[in-house]
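A.B. asks: Model the following, please.
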Amino acid sequence: MRIKIAPSVLAADFARFGEEARAAEAAGSDYIHLDVMDGHFVPNITFGPDVAAAIHRSCNLPLDVHLMISRPEIFVEPFAEAGAQILTVHAEASLHLHRLLCQVREAGCRPGVSLNPATPVEVVRHVLGQIDLLLLMTVEPGFGGQSYIPAMTEKIAAARRLLDEYAPHVELEVDGGINVETARTVVDAGARVLVAGSAVFGHPGGPARGVAALREALGRR
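C.D. replies: Below you'll find the predicted structure:
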């Protein structure tokens, strides 16, 4: 079982996005994760479709775009056109989640749903047929560099059971406080895709050593 690593450019050098993305690709990453924030749904602002398009031109990894924004429906097409392969929306940000996920699929992207720490996994039960990825936030969304919330281990395990029973095709991704100390914990609980920002781009040895350290912590899985 290969665990996928998705370095988050939220922790990269914003002046060197292209170089940082290529370094993550050379390190053996599986996705490039883009945390898109609007200052409304979360208290921070990051970047939009133009930056996503620039990163897409800079490397060959699939873009894993996480929309932490209000009214995500108006940005589905722009991010799809920018090169997003996976487009994840928050259940908490949509009144019509099923319709939104269908919109993402129609735009040519793999749909994902993200849940904040306090949102129960059960919320996604009736849209499992519309998604390819379930992203569990293991910190409160909005800022990088936060510490993993220990209570999320039980939630990851609950999500693993739900997916194994009803939607084994759905990838289970986790985001927040993922590093060499927590990686094994979340994988043992059932996560299969690890979003890591500071642990990769903030590693003293650069992305190559950051990704390698995560793989070593997982026993090379």
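A.B. asks: For Gly219, give me its contacts.
C.D. replies: Arg184 (Cβ atoms under 8 Å, 6 or more residues apart in numbering). C-beta here means a position set from N, CA and C on the backbone, and glycine is covered the same way.
A.B. asks: next SSE after the longest helix along the chain?
C.D. replies: Longest helix in the chain by number of residues (criterion: DSSP state H): helix 152-166. Next in sequence after helix 152-166, counting helices and strands by DSSP states H and E, comes strand 171-175.
A.B. asks: Quick one: residues in contact with the following helix or strand past that following strand.
C.D. replies: Next helix or strand after strand 171-175 toward the C-terminus (DSSP H and E): helix 183-189. Residues from elsewhere that reach helix 183-189 (Cβ under 8 Å, 6+ apart): 3, 138, 148, 152-154, 156-157, 160, 174, 178, 194, 196, 214, 217-219, 221.
A.B. asks: what's the helix or strand just after helix 183-189 packed up against?
C.D. replies: For helix 183-189, the following helix or strand on the C-terminal side (DSSP H and E) is strand 193-196. Packing contacts for strand 193-196, counted by 3 or more Cβ pairs under 8 Å, 6 or more residues apart in numbering; DSSP states H and E, involve strand 4-7, strand 171-175, helix 183-189, helix 206-217.
A.B. asks: same thing but at 7 Å, please
C.D. replies: strand 4-7, strand 171-175 (3 or more Cβ pairs under 7 Å, 6 or more residues apart in numbering; DSSP states H and E).
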